[in-house]
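Student: only geometry, no sequence info:
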């Protein structure tokens, strides 16, 4: 290995060291519900004709394991790099996911994107007008030196085709051999861990030495350049060889006396033709550093995106260094919100009808994760559904609707049972239910319905939304009115700095259509993950 190659590998090693300080890997077989993935490079080369090497660690981002890739991999022409690396790591004990940390790192060293003569690029074509296939040439008469004899050549106008002859004057054009883009190093870094009961996602990228067509560029900003790879020019039709022009029968450039006259007429016609433009060949280059996005609780960091086109055709659209990390199913909080204000280890959170089924939501102590909960219908005492407790303590399932004769009765109640633990029972039919509760982009969205008859007064119909501050305190966060049929779809701001929230709604309804008197009704308290996972 040469000195320059060793230096380039040291460049990448230094970048990786800076990105992974303090992340001593756990054992290689450590199981974790965190998510992570890394790639040295992603994207397309030559429109997909030259696949990038699969240099990925932990592809799919499902779970997170210690993996490393990159040795012996090379980029396809016209890309080249001295080193490629993708690495994922997990620290901490697999039995305590909330105390673990995951890291993903991907990058390249000494990448070069070249212009080469044999690139499969169609260069801009010279457009020779069709009018050159029928150029009119006026030939003057050549008199006969002998009196009373007809002229040696009568005056006439002929048409000649010089289109192919002009096209043949176009020079052979090949792309030059040079570096369009050179990057000394590009590394992306992403990590995830629990901090103060909340998943903390972090991403960073490091880019060293960006050079475009020999010019050093700043590494921290988007740069777009258009450069000329082949200069334009023109074709002069007067350079066409007269000998190559096909003449009508009876005419010859070499005939005595008349030949020079024909040559002069042809050359004059060619001299009068306009020049044919040879278009320049341009390269379009854009480099974008440090792109970052977060979707569904996964943070993805990209070090550098390089987009290069030649003559309007994509040569490469590649991202150098990509790393993804997220909390996955890890629950950072101490307890599910539904258990915070009770001594029970098992609660049934909500029961309601939807899409012809009974929807059942619950929460359990996280030590019960992986175990199965029985759902018992009080009307019959039978188990009507089962659900598995997730890593975050949540569980959900559905059951068949009970007989119509039982749905409205007081026995239409459900409870959750797991060993010696059991929840309070919840009644199926209530006057107000929440059917959907999600958090997204800083808002909490709540969908539900109020069963009529609704209050006659608009003010009494108002729905009050409260959020639990503590087990003894709550605050009003919004007021809304349902639609005429009692359904509602509302949203309120999510509190800043919180990982979860517990919401409850209330309104007033009439007992019957014939009685205008109202009484309060409430939804059951429902928790939502404010991180949107």
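Tutor: Everything's here; your move. If you're wondering where the values come from, they're calculated on a predicted model, not measured in any experiment.

Student: Now the spatially most central residue of the chain: closest residue in space, sequence neighbours ignored.
Tutor: Central residue of the chain (CA atoms, centre = their mean): residue 293, 8.3 Å from the mean position. Nearest non-adjacent residue to residue 293, counting by CB to CB, 6 or more residues apart in numbering: residue 300, 5.3 Å away. Backbone N, C-alpha and C define where each C-beta goes, glycine included.

Student: so what strands line up beside the helix or strand where the one you found lies?
Tutor: Element membership for residue 300 (DSSP states H and E) is strand 298-310. Its sheet considered, strand 298-310 pairs with strand 281-295 (antiparallel), strand 313-326 (antiparallel) by DSSP bridges.

Student: Put together JSON lines for those, with distance to residue 427 and mean pLDDT on each row.
Tutor: Putting the strands paired with strand 298-310 into JSON lines (distance: least, CB to CB, whole Å; pLDDT from 0 to 100) gives the following:
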{"stretch": "strand 281-295", "distance to residue 427": "39", "mean pLDDT": "94"}
{"stretch": "strand 313-326", "distance to residue 427": "38", "mean pLDDT": "95"}
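
Student: And residue 394, how close does it get to residue 351?
Tutor: 15 Å (CB to CB, to the nearest Å).

Student: State the mean pLDDT of the longest strand seen in the chain.
Tutor: Secondary structure of the chain per DSSP state E: the longest strand is strand 178-195. Averaged across strand 178-195, the pLDDT comes to 94.

Student: Could you point out the helix or strand that follows the lowest-mean-pLDDT helix or strand in the chain?
Tutor: In the chain, the helix or strand scored least confidently by mean pLDDT, DSSP states H and E is helix 3-19, which has a mean of 49. Once helix 3-19 ends, the next helix or strand along the chain (criterion: DSSP H and E) is strand 35-45.

Student: how many neighbours does the residue lying closest to residue 449 once chain neighbours are set aside have?
Tutor: Leaving aside its sequence neighbours, residue 449 sits nearest to residue 487 (CB to CB, 6+ apart; 4.7 Å). Residue 487: 12 surrounding residues under other CB atoms under 10 Å.

Student: next one: residue 323
Tutor: Neighbours around residue 323, by other CB under 10 Å: 31.

Student: Identify the bridge partners of it.
Tutor: Beta-bridge partners, per DSSP bridges, of residue 323: residue 38, residue 301.

Student: Wait, it touches residue 42, no?
Tutor: No: using CB atoms under 8 Å, residue 323 is not in contact with residue 42; the gap is 11.2 Å.

Student: Based on its surroundings, how many neighbours for the closest residue to residue 371 other than its chain neighbours?
Tutor: Closest residue in space to residue 371, ignoring its immediate chain neighbours: residue 389 at 5.4 Å, by CB to CB, 6+ apart. For residue 389, the count of nearby residues is 24 (other CB under 10 Å).

Student: Could you confirm residue 88 falls within a helix?
Tutor: No: with DSSP: H, G, I helix; E, B strand; the rest coil as the criterion, residue 88 is located in strand rather than a helix.

Student: Which residue, other than its chain neighbours, is closest to residue 495?
Tutor: Excluding its sequence neighbours, the residue lying closest to residue 495 (CB to CB, 6+ apart) is residue 501, at 6.3 Å.

Student: name the element the one you found belongs to?
Tutor: Judged by DSSP H and E, residue 501 forms part of strand 500-512.

Student: Which secondary structure elements does that strand sit against?
Tutor: Using 3 or more CB pairs under 8 Å, 6 or more residues apart in numbering; DSSP states H and E as the contact criterion, the elements in contact with strand 500-512 are strand 432-440, strand 443-450, helix 458-461, strand 463-470, strand 515-522, strand 526-529.

Student: Out of these, which gets nearest to residue 329?
Tutor: Across the helices and strands packed on strand 500-512, residue 329 has its closest neighbour in strand 526-529 (11.3 Å, CB to CB).

Student: Neighbours of the residue nearest to residue 154 when sequence neighbours are not counted, how many?
Tutor: In space, and not counting its chain neighbours, residue 154 is closest to residue 141: 5.5 Å by CB to CB, 6+ apart. Around residue 141 there are 14 other residues, counting by other CB under 10 Å.

Student: From residue 347, how far off is residue 141?
Tutor: From residue 141 over to residue 347 the distance is 113 Å, taken as CB to CB.

Student: same thing with residue 383?
Tutor: 18 Å.

Student: Ok, residue 134 next?
Tutor: Residue 134 is 91 Å from residue 347, by CB to CB.

Student: For those two, indicate the residue with more neighbours.
Tutor: More crowded of residue 134 and residue 347, by other CB under 10 Å: residue 347, with 24 against 11.

Student: Please settle this for me: is that one part of a strand?
Tutor: Yes: the assignment for residue 347 (three-state DSSP) places it in a strand.

Student: show me what contacts it?
Tutor: 338, 339, 362, 363, 364, 416, 423, 424 (CB atoms under 8 Å, 6 or more residues apart in numbering).

Student: Max pairwise distance over those residues: which two?
Tutor: Pairwise distances across those peak at 13.7 Å for 364 and 424 (criterion: CB to CB).

Student: So for those two, which sits in the more crowded spot?
Tutor: Higher neighbour count among residue 364 and residue 424: residue 364, with 27 against 12, using other CB under 10 Å.

Student: Tell me what that one is bridged to.
Tutor: Here residue 364, judged by DSSP bridges, has bridge partners residue 346.

Student: And the strand holding residue 300, how far out from the chain middle?
Tutor: Chain-centre distance of strand 298-310: 10 Å, with CA atoms, centre = their mean, to the nearest Å.

Student: So residue 418 sits against residue 370, correct?
Tutor: No: contact status for residue 418 versus residue 370: not in contact, 11.3 Å apart, counting by CB under 8 Å.

Student: overlap in contacts of these two?
Tutor: Common contacts of residue 418 and residue 370 (CB under 8 Å, 6+ apart): residue 389.

Student: out of the two, which sits in the more crowded spot?
Tutor: residue 418 (20 against 9).

Student: Okay, and the residue nearest to residue 377 when sequence neighbours are not counted sits in which element?
Tutor: Counting by CB to CB, 6+ apart, residue 377 lies nearest to residue 384, which is 4.6 Å off, once chain neighbours are set aside. Per DSSP H and E: residue 384 is located in strand 382-388.

Student: Give me the helices and strands touching that strand, please.
Tutor: strand 357-364, strand 372-377, strand 394-400.

Student: Figure out which of these is closest to residue 76.
Tutor: Of all those, it is strand 394-400 that lies closest to residue 76, at 46.3 Å by CB to CB.

Student: what's the following helix or strand past that closest one in contact with?
Tutor: Going down the chain from strand 394-400, the next helix or strand is helix 404-407, by DSSP H and E. With contact meaning CB under 8 Å, 6+ apart, helix 404-407 is reached by 379, 401, 412, 428, 429.

Student: Check whether residue 270 sits in a helix, strand or coil.
Tutor: helix.

Student: Could you do the one 3 residues further on as well?
Tutor: Classification of residue 273 using three-state DSSP returns coil.

Student: For burial, what's the neighbour tally of the closest residue to it other than its chain neighbours?
Tutor: Nearest residue to residue 273, sequence neighbours excluded (CB to CB, 6+ apart): residue 237, at 4.0 Å. Residues contacting residue 237 under the criterion other CB under 10 Å number 22.

Student: Could you pull up the residues touching residue 237?
Tutor: Contacts for residue 237 were tallied using CB under 8 Å, 6+ apart; they are 132, 162, 166, 169, 270, 273, 274, 275, 276.
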